[in-house]
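**Q** Fold the following and give me the result.
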Amino acid sequence: MPHSTLSGLLVNMMIPYVPSAPKRINIFSLNQSQLIANFLPYAANLHNSSDNAKMSLLVEAILFTMMSDGKLEADQNFIQAVEAGIKNRKDKAIGDARRKFKGRKGPEAEARKELEMSSERIMAILEVLEARKSTLSILC
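**A** Numbering: from 1, shown residues only. Next up is the predicted model:
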């Protein structure tokens, strides 16, 4: 499967989680600006760890796919959007209000752990992009 198709499918899976779905976006030709404007800095709609972990995993997969295609550059806007998204998802993942323990036990605790691990991997992707940018600037 071509990476643009994979990215498009991942973006399509993320749309139900974002606060407001983008009105005009071609998910199969997504660029960095659209990613920053519509997806990266946001948390999931709901205040539970599960949805925020799912969104983080989707962001992680999209970033990895687009990085592999050479479609990402670690500029200031991108870095700020990635870091804001990690913070926003962590802050919003307070647990499932319908449950007595609100995220301290069971599935919500597991989802919170997945969210933390995904956030670490997203930061690793960001570090790779920054290192790639530094290497390119040295070579040029």
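
**Q** What's the biggest helix in this protein, counting residues?
**A** In the chain, with assignment by DSSP state H, the single longest helix is helix 106-139.

**Q** Off-centre distance for that one?
**A** Computed by Cα atoms, centre = their mean, to the nearest Å, the chain-centroid distance of helix 106-139 equals 10 Å.

**Q** buried residues in that helix?
**A** Glu108, Ala111, Arg112, Glu114, Leu115, Ser118, Ser119, Ile122, Ile125, Leu126, Leu129 (16 or more other Cβ atoms under 10 Å). All C-beta atoms are positioned from the backbone trio N, CA, C, and that covers glycine.

**Q** ok, the residues you listed vs Asn31, which is closest?
**A** Nearest to Asn31 out of these is Leu129 (Cβ to Cβ; 15.0 Å).

**Q** pLDDT value on the closest one, please?
**A** Looking at Leu129, its pLDDT is 95.

**Q** Could I get the contacting residues of it?
**A** By Cβ atoms under 8 Å, 6 or more residues apart in numbering, Leu129 lies in contact with Met67, Leu72, Glu73, Ala74, Phe78.

**Q** what phi and what psi does the backbone show at the third one?
**A** Translated: Glu73. As for Glu73, its main-chain torsions (degrees, to the nearest 10) stand at phi -130, psi 130.

**Q** show me what contacts Leu58?
**A** Leu58 neighbours (Cβ under 8 Å, 6+ apart): Leu10, Met13, Met14, Tyr17.

**Q** Just those residues: which are in helices?
**A** The helices, defined by DSSP H, take in Leu10, Met13, Met14 from those.

**Q** burial of the first one, as a residue count?
**A** So that's Leu10. If you count neighbours by other Cβ atoms under 10 Å, Leu10 ends up with 22.

**Q** secondary structure class for Ile25?
**A** When classified by DSSP: H, G, I helix; E, B strand; the rest coil, Ile25 comes out as coil.
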